[in-house]
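Undergrad: When you get a sec, could you give me coordinates for this:
(chains A and B)
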Protein chains: 2
Amino acid sequence: MLRIKLSDRARNTPPSPIRKLAHLASKAKKAGIHVYHLNIGQPDIESPAEFFEGLRRFNQKVVAYDQSQGNEALCIAWSRYVNKTLGLQTRPEQFLITVGASEALVFLFMTCCDPGDEVIIFDPTYANYLGFAAIAGVHLVPVPSDIENNFALPERGEIERRITKRTRAILLCSPNNPTGTVYSAEELRFLLALCEENNIFLIVDETYREFVYDELRPLSILQLAPESERVIVVDSLSKRFSLCGARIGCLLTSNQEVLATTLHIAQARLAAPTIDQFAAAYMMENIGGDYLERVRAEFQSRRDALYSALKRIPDVAVHKPKGAFYMVVRLPVEDAEDFASFLLSGFCHLNRTTFIAPAAGFYMQNSQGLQQARFAYVLEKGEIERAIEVLAAGLAKYRA
Amino acid sequence: MLRIKLSDRARNTPPSPIRKLAHLASKAKKAGIHVYHLNIGQPDIESPAEFFEGLRRFNQKVVAYDQSQGNEALCIAWSRYVNKTLGLQTRPEQFLITVGASEALVFLFMTCCDPGDEVIIFDPTYANYLGFAAIAGVHLVPVPSDIENNFALPERGEIERRITKRTRAILLCSPNNPTGTVYSAEELRFLLALCEENNIFLIVDETYREFVYDELRPLSILQLAPESERVIVVDSLSKRFSLCGARIGCLLTSNQEVLATTLHIAQARLAAPTIDQFAAAYMMENIGGDYLERVRAEFQSRRDALYSALKRIPDVAVHKPKGAFYMVVRLPVEDAEDFASFLLSGFCHLNRTTFIAPAAGFYMQNSQGLQQARFAYVLEKGEIERAIEVLAAGLAKYRA
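TA: Down below sits the predicted model:
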């Protein structure tokens, strides 16, 4: 029998760089080694009691399809939430509920781009954007941002010269995954003006919006351009409320045509999960502001702990980012992936080891990231400190 | 400001024909009219108690991401279920859990086809296949099946002459949505041979597998070709266990390359919902065979009721299908969509009306379906009888 050929696009879809070394971690665990997971954005924070109370209150006898646009109560609750926390005046009809921010981004790539069209992103980038682009046949065009410059937004000229006739949107993640960078109001206004001049969309992934530290307050592009037809916000409950597994995201825009057209795509997949939406709606109507403030403060103190611990290791280049729960760090190694594999398979310290994500998978122009790794500070302070002790010992052994 | 152009593919994605007239139904309801919903495959059957018991047992403090491939316990339970009910020897690693059968089909279109590649389907077809194809840039090639012939599989020549160099798969839904047709073992063997000769995939959507009536027993393509590398089954809990809103489906195949490659796409969207998978796993391990047998018997008696009621209306052409919970019926009208709209907006009988799905949206070659409508028998027998009384009265008035 002839082998049946699979599609080129599927064979070219990269495996997740975050999950790539997972098999080594599994092996280490089976050998009885404790693995500190700093590789994946899965916080250990407990999900809100109000979500579980919402789950308990689900008493429909038939777990039926919800609306393709999303559960009505959830759209209302989410609209109220952003209006209250950001001083906006959104309406529930401006929301389309999706299966995580992931689905929102796939939908938007499809709605805004035909195959071969281009979207500008900033390098390093959230690795799954590459997967969404492969799925949608979209060509991502990276503008490099620099670790030496704390991954700030590149110069105007650097962005402008990459805009072509096929550019349909700029996609920004702020606060940023993987770098933790929080873009300022000035930077957002600058991007908005650039999109206006070139008549393209500005898509802002605000999944980490509330996770900003020190003097910063949450900032949404919608506060700067509440009525703009070119602004689309992608949002998610995954990180904010430690509900990664509930798979609830949304897109939010004033652009009626984007909403109506994306809805046709959304109808084909029928609806997001009914029970999760129900519980989320209950949670968002009933949760107090103290939950998020507690979580925010916790992440800030973890960031400080991770930063201090990394600072103490010779030859490690680290800056202190202002948001999300990630840092991209330059390690004194030639190949961070080789070092990450070594930590998982060639090394342990007091029967422990540390799992970090090599940054190369977050760069489209790979060579820049070879020496870098992404650290997700999703463990308690004490655990982070022990994880970095282990890493430091591993680094010493690796370089010896 | 220039209008921002959306993509051609998005503007060409058709709205769901099933949900198309929903706004008219909403209006009728607001005017106090009771609407019998025969338009949508959302059964009124209660979801299993074991699913809700599974929900109650979810006691993880963090609603974390599950595996991209699917919850391990669910893969084990689903494998046991098909092994027990179909006499197979599948392994849990052959399953990839998806957000409904919808996501499984989108994934498979992407894995098997590059944009512009072709998949053969049978007309009329499940309307959302058109949406999935639009999303994946796949060209669906319809082979007509005929209402006069109970929508049996077309002749070999009819299928063969549509196979080109770009054909990557034949997609069959059995038992069929929208026609209710159940394909025989002979028909499945014939398709399998055709796929082997042409070295293409055979994808069988077995969402309705257990809903077969009279003398029939559930039949899976896997019983005929358990080891075939070209066979991929798409399955779902939505209809079988009345869990449409849980959004749990899967793909199942012996083809390791399909599984591994599709997993890369699945990793980009992270995972299916954690809580729904947990509850589904518990349910599948604990549910007895009596639930499904009760539901099957219920649908069989509804089919009989719908068939008898339709038979009594003059000039309505109806056959008695053997599976799923749909019938495609030819009405004595020029344009079934116009008639369906009339029922919702120009008519009521004792303050009631009936919502049916015009069949045109299920046909790629539309003219064939203009006089036809799909009836979903998802209401209790008495309700179905009243719904058809209303329809008959509406038809008399519409034709007068």
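
Undergrad: In contact with the most centrally placed residue in chain A, which residues?
TA: Centroid check for chain A by C-alpha atoms, centre = their mean gives A:N177 as the closest residue, at 4.9 Å. Each residue near A:N177 by C-beta atoms under 8 Å, 6 or more residues apart in numbering or on different chains is listed here: A:G41, A:Y126, A:T207, A:Y208, A:A324, A:Y326. Where you see a C-beta, it was placed from the backbone N, CA and C, and this is true even at glycine.

Undergrad: excluding its backbone neighbours, what's nearest it?
TA: In space, A:N177 comes closest to A:Y126 once its chain neighbours are excluded; the distance is 4.7 Å by C-beta to C-beta, 6 or more residues apart in numbering or on different chains.

Undergrad: and the gap between the one you found and chain B?
TA: For A:Y126, the distance to chain B equals 11 Å [C-beta to the nearest C-beta, to the nearest Å].

Undergrad: thought A:R189 was touching A:L224?
TA: Yes: at 5.9 Å, A:R189 counts as touching A:L224 under the criterion of C-beta atoms under 8 Å.

Undergrad: by how many degrees do the host helix or strand of A:F132 and helix B:127-136 diverge?
TA: In this assignment (DSSP states H and E), A:F132 forms part of helix A:127-136. If you take axes from the mean of the first three to the mean of the last three C-alpha atoms, to 10 degrees, helix A:127-136 sits at 110 degrees to helix B:127-136.

Undergrad: Restricting to C-alpha, output helix A:127-136 in CSV.
TA: Extracted C-alpha coordinates of helix A:127-136, given in CSV (Å, rounded to 0.1, in the frame of the first residue of the first chain):
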residue,chain,number,x,y,z
ALA,A,127,4.6,30.6,20.4
ASN,A,128,1.0,29.5,19.7
TYR,A,129,0.5,32.6,17.4
LEU,A,130,2.7,30.6,15.0
GLY,A,131,0.3,27.7,15.3
PHE,A,132,-2.8,29.8,14.8
ALA,A,133,-1.2,31.4,11.7
ALA,A,134,-0.3,27.9,10.3
ILE,A,135,-3.9,26.9,10.8
ALA,A,136,-5.3,30.0,9.1
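
Undergrad: ok, residues contacting that helix?
TA: Here helix A:127-136 has contacts from A:9, A:12-14, A:16-18, A:102, A:105-106, A:109-110, A:113, A:115, A:119, A:121, A:138-140, A:171, A:178, A:361-362, A:364, B:110, B:264-265, B:267-270, using C-beta under 8 Å, 6+ apart.

Undergrad: Distance from it to the middle of the chain?
TA: In terms of C-alpha atoms, centre = their mean, to the nearest Å, the centre of helix A:127-136 is set 13 Å apart from its chain centre.

Undergrad: got the angle between the following helix or strand past it and helix A:127-136?
TA: Downstream of helix A:127-136, the next assigned helix or strand under DSSP H and E is strand A:139-144. Orientation of strand A:139-144 against helix A:127-136 (the same axes, to 10 degrees) gives an angle of 160 degrees.

Undergrad: just checking, next helix/strand downstream of strand A:139-144?
TA: Next element after strand A:139-144 (DSSP H and E): helix A:156-160.

Undergrad: ranges for the helices of chain A?
TA: A:8-12, A:22-30, A:49-57, A:72-86, A:100-112, A:127-136, A:156-160, A:185-198, A:221-224, A:256-268, A:274-286, A:289-311, A:336-345, A:381-399 (DSSP state H).

Undergrad: possible to save these as a markdown table with mean pLDDT?
TA: Below are the helices of chain A laid out as a markdown table (pLDDT from 0 to 100):
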| stretch | mean pLDDT |
| --- | --- |
| helix A:8-12 | 87 |
| helix A:22-30 | 92 |
| helix A:49-57 | 98 |
| helix A:72-86 | 97 |
| helix A:100-112 | 97 |
| helix A:127-136 | 91 |
| helix A:156-160 | 95 |
| helix A:185-198 | 96 |
| helix A:221-224 | 98 |
| helix A:256-268 | 94 |
| helix A:274-286 | 98 |
| helix A:289-311 | 97 |
| helix A:336-345 | 96 |
| helix A:381-399 | 97 |
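
Undergrad: For B:M284, find the nearest of the ones you listed.
TA: Closest approach to B:M284 among those is made by helix A:274-286 (16.9 Å; C-beta to C-beta).

Undergrad: now that closest one against helix B:274-286, angle please.
TA: 140 degrees.

Undergrad: Return the residues in contact with the residue nearest to A:N177.
TA: A:Y126 is in contact with A:C173, A:N177, A:P178, A:D205, A:F362, counting by C-beta under 8 Å, 6+ apart.

Undergrad: and if we set it to 7 Å?
TA: A:Y126 makes contact with A:C173, A:N177, A:P178, according to C-beta atoms under 7 Å, 6 or more residues apart in numbering or on different chains.
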